[in-house]
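Trainee: Provided below for reference: sequence and predicted model.
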Amino acid sequence: MKKIIVAITGATGAPLALKLIEQLNFFDVEIHLVVSTWGETNLLQECGVNYQQLCDKVDAVYPIDDMGARISSGSFITDGMIIVPCSMKTLAAIRNGYTDNLISRTADVMLKENRPLVLVPRETPLSTIHLDNLLYLSTLGVVILPPMPAFYNNPLTIDDILSHLAARILDQIGLHHPSAKRWQGLNE
Ligand SMILES: Cc1cc2nc3c(=O)[nH]c(=O)nc-3n(C[C@H](O)[C@H](O)[C@H](O)COP(=O)(O)O)c2cc1C
């Protein structure tokens, strides 16, 4: 069974992380979760969901400061990592190999082991430092997928927007969720 690591950091966008976990649960995959301290705060503030409630929706959880967790080693085989939302602080840490918590360490493991790493960076506007960090990681093969909504599928609700974004994130790791409204061409 595939093992997918999901990390949630303290950028705004916790509802998208929840939607992603909901969609991931549709597939036959193991979900391994790490949440930063500010990720936990924003989850409660933006979704009214506490950390324990989120833990119940996944297969394994790791404390942010547990540098001894199995996902911090390349010898523990996983199939990729998604950081959603990804703060500019965590982005900077990954770009510089500054692995001071379990999220940046695990992302560093993805890079050294050549495993899929998908970042959903959230900030606006983006400074030159942010853009430079994003560009650099892109040259290493990291998928940079900012949570920009699409309108060609005529979303009516926030949930429609979140569903589409979550499905597009999962497309990047080869999991194609059936709820995605996929473009079929203008005239087909
Ligand atoms: C309500 C709230 C919203 C925030 N939104 C963002 C954001 O969109 N992008 C960002 O880079 N940081 C944002 N921050 C700041 C981060 O939480 C902060 O930089 C934190 O140190 C990130 O640490 P982490 O990556 O370990 O979670 C926000 C903070 C709060 C309290």
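Mentor: Nice, I can see it. Numbers count the residues shown, from 1 in each chain.
Trainee: doesn't residue 64 make contact with residue 33?
Mentor: No: between residue 33 and residue 64 no contact is recorded; they are 10.6 Å apart, counting by Cβ atoms under 8 Å. Using the backbone N, CA and C atoms, a C-beta is placed for each residue, glycine as well.
Trainee: secondary structure element for the residue of the chain found nearest the ligand?
Mentor: Going by Cβ to the nearest ligand atom, the ligand is nearest to residue 10 of the chain, at 2.7 Å. For residue 10, there is no enclosing helix or strand under DSSP states H and E.
Trainee: with residue 15 instead?
Mentor: helix 14-24.
Trainee: same for whatever helix or strand comes next after that helix, what does it pack against?
Mentor: Of the helices and strands lying after helix 14-24 in sequence (DSSP H and E), the nearest is strand 29-35. Applying 3 or more Cβ pairs under 8 Å, 6 or more residues apart in numbering; DSSP states H and E, one finds that strand 29-35 contacts strand 2-8, helix 14-24, helix 51-55, strand 60-62, helix 102-112.
Trainee: confidence-wise, which helix or strand of this structure is lowest on average?
Mentor: helix 51-55 (a mean of 94; mean pLDDT, DSSP states H and E).
Trainee: that one packs against which elements?
Mentor: Against helix 51-55 (3+ Cβ pairs under 8 Å, 6+ apart) you get strand 29-35, helix 37-47.
Trainee: tell me which of the ones you listed sits nearest to residue 79.
Mentor: strand 29-35 (7.8 Å; Cβ to Cβ).
Trainee: can you list the residues of the protein near the ligand?
Mentor: In this structure, the chain approaches the ligand at residues 9-12, 36, 38-39, 42, 87-90, 122-123, judged by Cβ under 6 Å from any ligand atom.
Trainee: now a ChimeraX select for only the buried ones of those.
Mentor: To isolate the buried members of those in ChimeraX, using 16 or more other Cβ atoms under 10 Å:
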select :9,10,11,36,38,39,42,87,88,90,122,123
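Trainee: hang on, the earlier thing: which one of the helices and strands packed on helix 51-55 is the most hemmed in?
Mentor: Comparing the helices and strands packed on helix 51-55 by mean neighbour count (mean count of other Cβ atoms under 10 Å), strand 29-35 ranks first with a mean of 21.
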